[in-house]
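Participant: give me a model of this one.
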Amino acid sequence: MRELNEAVKFLEKQYQQVPQVGIVLGSGLGNFTEEIAVEKEVAYEDIPHFPVSTVEGHKSKLIFGKLSGKTVVAMAGRFHYYEGYSAADIIFPIRVMKLLGVQTLLLSNAAGTVNPNHQVGDIMIIKDHISFFTPNPLIGKNIAELGTRFPDMSEPYKLHLIEKAKAIALAHNFDVKEGVYVAVTGPTFETRAEYNFIKVIGADVVGMSTVQECIAANHAGMEVFAMSVVTDIGMIEHHNTITHEEVLAAAKAAEPKLATIFKELVAAI
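Facilitator: As a prediction, this is how the structure comes out:
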């Protein structure tokens, strides 16, 4: 808790307003920050105890400002288990957001799909997740100041936010999918057998982030909404290979739809 408080006190000196909404931007989605009326940018490396993103497509800065009339803080660049960070490192920024005053957390990611009804460029609202492949970030001593030892996860992504997002997409006449996200460790993309297994266990898309952040946010009493941009097809009958560059390009192309939903969702919160 000491390290969290030190990071929060540092940031409160950099930006005096209280953010209502926190945003985490996934691979290839960093341009969304252009939608924010930026009032303060803080490099991760300047924040006490903050990790630093090492992945291409992640900018490594915390952005404070206004979006749709609300005060927000956005992570341009997140942290992943495959970078060598612990689960505690990965959720450190989420807990900092909570202590800064954030009540609602919007998450985004790039994901591969195993759903035959999906295409590259689709965006999918995450209605639930499967979290068996990465360590639960709450393992260890519970921080009672943040939440209970055994948090409920029956509604990890808030249904009322999902319904609002679907209404926004409908109003703008574009399609959104809805499904289950499974998080794996990475950094390798999945084998064809693994894609098949992911489909069998009930997931629609697979990625290397989001779930640990969602768990930490729920533990701390924040409301969570999350979306995946489908950046590659992982069905075993497709004999395609996947590169990170292709993932970034597909995410960038789909970003305007995600931006529309995020902006109007923030306005409605």
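
Participant: okay, the closest residue to S108 other than its chain neighbours and Q17: tell me how far apart.
Facilitator: Distances taken as CB to CB, 6 or more residues apart in numbering place G26 nearest to S108, at 4.6 Å, with adjacent residues excluded. In short, each C-beta sits where N, CA and C put it, glycine included. Distance of G26 to Q17, computed by CB to CB, to the nearest Å: 25 Å.

Participant: model confidence score at the residue lying closest to L62 once chain neighbours are set aside, please.
Facilitator: Distances taken as CB to CB, 6+ apart put V42 closest to L62, at 4.7 Å, once the chain neighbours are dropped. On the pLDDT scale, V42 is placed at 95.

Participant: and V42, how many neighbours?
Facilitator: 17 (other CB atoms under 10 Å).

Participant: G26 and Q17: who's more crowded?
Facilitator: Ranked by neighbour count (other CB under 10 Å), G26 and Q17 place G26 first, with 29 against 15.

Participant: just to revisit the earlier point, what strand or helix carries the residue nearest to L62?
Facilitator: In the assignment (DSSP states H and E), V42 maps to strand 37-43.

Participant: in its sheet, what does that strand sit against?
Facilitator: strand 61-67 (antiparallel) (DSSP bridges).

Participant: what comes into contact with the helix or strand following the strand it pairs with?
Facilitator: Counting by DSSP H and E, the next helix or strand C-terminal to strand 61-67 is strand 70-76. Strand 70-76 has contacts (CB atoms under 8 Å, 6 or more residues apart in numbering) with 17-25, 30, 32-33, 36, 58-66, 93, 97, 100, 102, 266-267, 269.

Participant: whichever of those end up buried, select them in PyMOL.
Facilitator: Filtering these down to the buried ones (16 or more other CB atoms under 10 Å) takes a single PyMOL command:
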select buried, resi 19+20+21+22+23+24+25+30+32+33+36+58+59+60+61+62+63+64+65+93+97+100+102+266+269
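
Participant: shouldn't the residue nearest to L62 be in contact with Q14?
Facilitator: Yes. With contact defined as CB atoms under 8 Å, V42 reaches Q14; the gap is 5.4 Å.

Participant: what about the strands in this structure?
Facilitator: In the chain, the strands defined using DSSP state E lie at 21-25, 37-43, 61-67, 70-76, 104-113, 123-130, 177-183, 205-207, 223-233.

Participant: in CSV, list these along with distance to E155.
Facilitator: Below are these laid out as CSV (distance: least, CB to CB, whole Å):
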stretch, distance to E155
strand 21-25, 18
strand 37-43, 32
strand 61-67, 25
strand 70-76, 23
strand 104-113, 14
strand 123-130, 9
strand 177-183, 14
strand 205-207, 19
strand 223-233, 9
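
Participant: between those strands, which one is closest to N136.
Facilitator: strand 177-183 (11.0 Å; CB to CB).

Participant: residues of the closest one that come out buried?
Facilitator: Here strand 177-183 shows K177, G179, V180, Y181, V182, A183 as buried, counting by 16+ other CB under 10 Å.

Participant: which residue, other than its chain neighbours, is closest to the first one?
Facilitator: This points to K177. M124 (4.0 Å).

Participant: what bridges to that neighbour?
Facilitator: Beta-bridge partners of M124, as defined by DSSP bridges: K177, S228.

Participant: for this protein, give me the ranges with low pLDDT.
Facilitator: 27-28, 53-59, 235-242, 244, 246-247, 250-251 (pLDDT under 70).
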